[in-house]
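> Okay, predicted coordinates and the sequence, questions at the end:
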There are 2 protein chains.
Amino acid sequence: MSGRVRIIGMGPGPACWLTPEAAQALTEATDVVGYAPYVARHKVLAHQRLHPSDNRVEAERARLALRLAASGHDVALVSGGDPGVFAMAAALLEAFEALPLHERAVEISILPGVTAVLAAAARLGAPLGGDFCVMSLSDNLKPWKVIKDRLEATINGDFVLALYNPASKARPHQIFDAFAILRAGRAPQTPVAFARAIGRDDESILRCCLADADPGHADMSTLVLIGSSQSRWVARPHGEPLLLTPRAVQVRS
Amino acid sequence: MSGRVRIIGMGPGPACWLTPEAAQALTEATDVVGYAPYVARHKVLAHQRLHPSDNRVEAERARLALRLAASGHDVALVSGGDPGVFAMAAALLEAFEALPLHERAVEISILPGVTAVLAAAARLGAPLGGDFCVMSLSDNLKPWKVIKDRLEATINGDFVLALYNPASKARPHQIFDAFAILRAGRAPQTPVAFARAIGRDDESILRCCLADADPGHADMSTLVLIGSSQSRWVARPHGEPLLLTPRAVQVRS
């Protein structure tokens, strides 16, 4: 008997953002595999085994999920946010691709979720009303030159830009280098937001502009959002301003 | 008394992709405002008034939502997918911004949802394992020159590309023009997928490569996904191949 792997997007954190599909898969699974903090969000049921693991062992975790499924288990491979966005879906398929063709029989499905940029955008207003790019700033798996070229492409295309994995203890400097590139190409008053731990108890947002932004505010729990030339703050008499990228593009002549 | 507007992401269609937060807001609302097919997804409750409207009257719909809220109603402004991605959040904030500052007192919140590119990616495999761009191909509100420049930027940055609103009865040609630009800059074997009505009963996916893709397959319900230089199909002995953009970028020397 062959089992299956379902790669589950748990959303940014709170249960109110977990889809019913994901919730049901989590109750059905015989095995819950994933990065320990995501596994810890799940209340284990009597028939289930948990397989928490450390960060940065995605390949090993993916192989474990495939092995369990191949021996008949119903595996929930959990991921924060959406599993497709710089998360476990790619890691699982990389491990799957490494198998000989005849061993690629396990059923694989991906259950989408609310990814960090959508949650951050929702809190900010409507920054994604215009075309946007989503990048991971980690250079663990791609050369910095690729990241630099892509940042420049987002400037040339005047895209709204969302940065995942902007900084970590091991990589504190990339976000400073990224801001240096962005400042060379975008207007000083371009809106910037550091959206941290959105949906969690310690959620916070820092609103600023490109000229004033301190990249040191970013950590692994932060989504950094940089507006396009069209993005602007909408003031309110009470409360923080809302960030808007209008649907219409006004081209300066 | 001042009411509120909650802009609700209903996801791509099925109830299994509607977040609990969105479901609860829909039951609490006194008024449900939105494009008729989205309003029709909601089972009206005894205390509720529905305000369905036609497509392409977003500004009018946004003003109605703000007027109802200003007179004390609890308004659910419904949107397909995620309300932030080329949807009602920007339209609502544009109408809000047009009010004098002292009239911007209504409480506004945005409830995120699963947007089309995440649903399509989940069905395909892991195409968003690398950096990606999300664009609306509609030139109703932005000049074609802007779209052309952005498509070229996505080529220069070697991004995975997701195209929303690729074609409609009134705009059948843009997707052909877009493919001509992409073909000039990307390899013929670049993976392409036309993901139509994902999550609905008539869901379908067409898998091909850039050289063979027929842009005529796209309509208003289609999400078109174009891979980067890194994207590839992963074959299986049974079932359709899976689309993978690995997390690691291999740079050709």
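Sure thing, it's come through. Numbers count the residues shown, from 1 in each chain, chains lettered A, B, ... in the order given.

> From now on I want contacts and neighbour counts done on CA atoms only, so please keep to that.
Fine.

> which bits of the stretch 151-253 of chain A sit near chain B?
Proximity of the stretch 151-253 of chain A to chain B (Cα under 8 Å from any Cα of the partner chain) is limited to residues A:151-154, A:156-159, A:234-238, A:244-250.

> these two touch, right, A:Tyr35 and A:Asp54?
Yes: using Cα atoms under 8 Å as the test, A:Tyr35 is close enough to A:Asp54 to be in contact (5.6 Å).

> More neighbours: those two, which one.
Neighbours per residue, other Cα atoms under 10 Å in any protein chain shown: of A:Tyr35 and A:Asp54, the larger number sits with A:Tyr35, 21 against 11.

> Just the pLDDT at that one, thanks.
Residue-level confidence at A:Tyr35 comes out at 95, pLDDT.

> follow-up on the earlier one: now the buried members of the residues of the stretch 151-253 of chain A next to chain B.
Buried members of these, scored by 16 or more other Cα atoms under 10 Å in any protein chain shown, are A:151-154, A:156-159, A:234, A:236, A:244-249.

> now the strand or helix carrying A:Ala65, how far from the chain's geometric center?
In this structure, A:Ala65 sits in helix A:58-70 according to DSSP states H and E. Here helix A:58-70 is found 21 Å from its chain centre; the criterion is Cα atoms, centre = their mean, to the nearest Å.

> Likewise for stretch A:46-59?
Relative to the chain's own centre, stretch A:46-59 is displaced by 19 Å; criterion: Cα atoms, centre = their mean.

> again with stretch A:184-198
Its chain's average C-alpha position is 17 Å from that of stretch A:184-198, according to Cα atoms, centre = their mean.

> Tell me the buried residues in that stretch?
Judged by neighbour count (16+ other Cα under 10 Å), stretch A:184-198 contains these buried residues: A:186, A:190-198.

> before we move on, what about stretch A:168-180?
In stretch A:168-180, the ones that count as buried by 16+ other Cα under 10 Å are A:168, A:171-172, A:174-176, A:178-179.

> if you look at those, which of them are in strands?
Judged by DSSP state E, the buried residues of stretch A:168-180 include no members of strands.

> Helix or strand with the lowest mean pLDDT in chain A?
Across the helices and strands of chain A, the lowest-confidence element by mean pLDDT, DSSP states H and E is helix A:36-39, at a mean of 94.

> and it, what does it pack onto?
strand A:49-53, strand A:74-79 (3 or more Cα pairs under 8 Å, 6 or more residues apart in numbering or on different chains; DSSP states H and E).

> That helix: which residues count as buried?
Using 16+ other Cα under 10 Å as the test for burial, helix A:36-39 gives A:38-39.

> Only alpha carbons, please: show that helix as CSV.
Taking only C-alpha atoms (Å, rounded to 0.1, in the frame of the first residue of the first chain), the coordinates of helix A:36-39 have been written out as CSV:
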residue,chain,number,x,y,z
ALA,A,36,9.4,22.3,15.1
PRO,A,37,7.5,25.6,15.7
TYR,A,38,5.0,24.7,12.9
VAL,A,39,4.5,21.2,14.2
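
> Just give me how far that helix sits from the chain centre.
With Cα atoms, centre = their mean, you get 15 Å for helix A:36-39.

> Contacts for that helix, please.
Contact partners of helix A:36-39, identified using Cα atoms under 8 Å, 6 or more residues apart in numbering or on different chains, comprise A:10, A:32-33, A:50-55, A:78-80.

> can we see that at 10 Å?
Contacts to helix A:36-39, defined as Cα atoms under 10 Å, 6 or more residues apart in numbering or on different chains, come from residues A:9-13, A:32-33, A:50-55, A:76-80.

> one step back: which member of the buried residues of stretch A:184-198 is positioned nearest chain B?
Within the buried residues of stretch A:184-198, proximity to chain B (Cα to the nearest Cα) peaks at A:Ile198, which comes in at 11.7 Å.

> Okay, the closest one and A:Cys209: tell me how far apart.
Taken as Cα to Cα, to the nearest Å, the spacing of A:Ile198 relative to A:Cys209 amounts to 20 Å.
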